[in-house]
Each structure stands twice: as C-alpha cells, then as structure tokens.
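> What follows is a protein structure lacking sequence information:
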C-alpha cells in the first residue's frame with residue numbers, strides 16, 4: 001500500500017491475489033487515524049450472507065467490485081453485479097446474499113465515533129431515599145422519607161439536620 005500525506009491507495013487485484021483461498025470478510029480497510037471516512041473491501045463466499053439487520057448510525061455506500069448476489073433493502077430485492085452502486089440509508093433493513101461466484105463489495109461510510117474513556121459531567125444527585133436512613137444506634141430503617149429522628153429510639157438520623 002502506498003501512503004502519501006495521509007492518503008492510502010491499493011489495487012483491488014493485489015488484495016484479491018494476497019487473500020487466501022476461501023478467505024471471507026474484510027480484505028482491506030482504511031487505516032489512517034485522522035480520517036472522516038471508513039471504507040472496507042469485503043469478500044462474501046458463494047451462497048453466504050448475513051441475516052437482515054438495521055444500521056441505525058450511518059448511511060453506507062455499497063459498490064460491487066466482483067461477483068454477483070442479491071441485496072434486500074427494506075424488503076425490496078436488487079440483483080447485484082460488478083458496477084452496482086447503491087446507497088443503504090441508515091435505519092433501513094438490509095441483507096446481502098452472495099451468488100455462485102461469491103461477492104466482492106466496497107463499503108464506504110462516515111466514520112463512527114469510537115468509544116472514549118474519560119470523565120463525563122456528573123449527573124445531578126438523586127433525591128435522598130428513605131431506605132438508606134438507618135438509625136446508627138438501633139439499626140432500624142426510617143419509615144418516612146423526611147424522617148429526622150428514629151421512630152424507635154429517637155436518635156437523630158445520619159445526614160439529616162436536627163430540628
């Protein structure tokens with residue numbers, strides 16, 4: 001693969017040649033870190049395909065590079081052959097089924113935001129729960145949500161100002 005100032009390029013023929021016999025799945029994908037697009041060259045073996053699913057996050061452009069198959073998009077079937085170009089809108093149910101030669105497709109979509117580990121804004125504290133008001137002396141739970149004193153022994157409950 002040749003890389004020029006963040007650009008990536010490769011030939012489909014070299015990817016197919018490098019793939020092992022019977023290899024399915026992604027043969028190639030964009031690798032750059034600071035990019036706005038994701039792209040994958042995916043090989044489906046003859047007669048294989050996935051169950052219908054719905055992509056909720058991104059629209060996907062599908063380009064058939066080689067082979068044949070069937071695309072079912074929201075219940076409507078389209079025959080696939082080299083040169084087919086289609087938009088699979090987010091929210092639409094989709095399924096691919098590879099034909100007898102298999103299917104080689106290029107998919108391109110906006111890059112999904114990855115998971116990030118970090119701090120988030122703290123949520124507002126929930127209102128105090130009466131179940132957590134336990135007398136430190138006799139260990140009895142408060143009966144009322146606004147109780148200030150233990151109904152059994154009269155001890156001030158923790159976290160409540162005495163009146």
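That came in fine, so what should we check first? Small disclaimer: the values here were computed from a predicted structure and weren't measured.

> any low-confidence regions in this structure?
Low-confidence segments of the chain, defined by pLDDT under 70, span residues 1-7, 113-132, 143, 145, 160-163.

> This structure: helices as residue ranges?
Per DSSP state H, the chain carries helices over the ranges 12-18.

> For the longest strand anywhere in it, buried residues please.
Criterion DSSP state E: the longest strand present in the chain is strand 93-110. Neighbour-count burial for strand 93-110 flags 94, 96, 97, 98, 99, 102, 103, 104, 105, 106, 107, 109 (criterion: 16 or more other Cβ atoms under 10 Å). All C-beta spots, glycine's among them, are computed from the backbone N, C-alpha and C.

> hmm, which two among those are most spread apart?
Across the buried residues of strand 93-110, the longest distance by Cβ to Cβ is 23.8 Å; it joins 99 and 109.

> which one of the buried residues of strand 93-110 sits closest to residue 148?
Looking across the buried residues of strand 93-110 and measuring by Cβ to Cβ, the closest to residue 148 is residue 109, at 58.3 Å.
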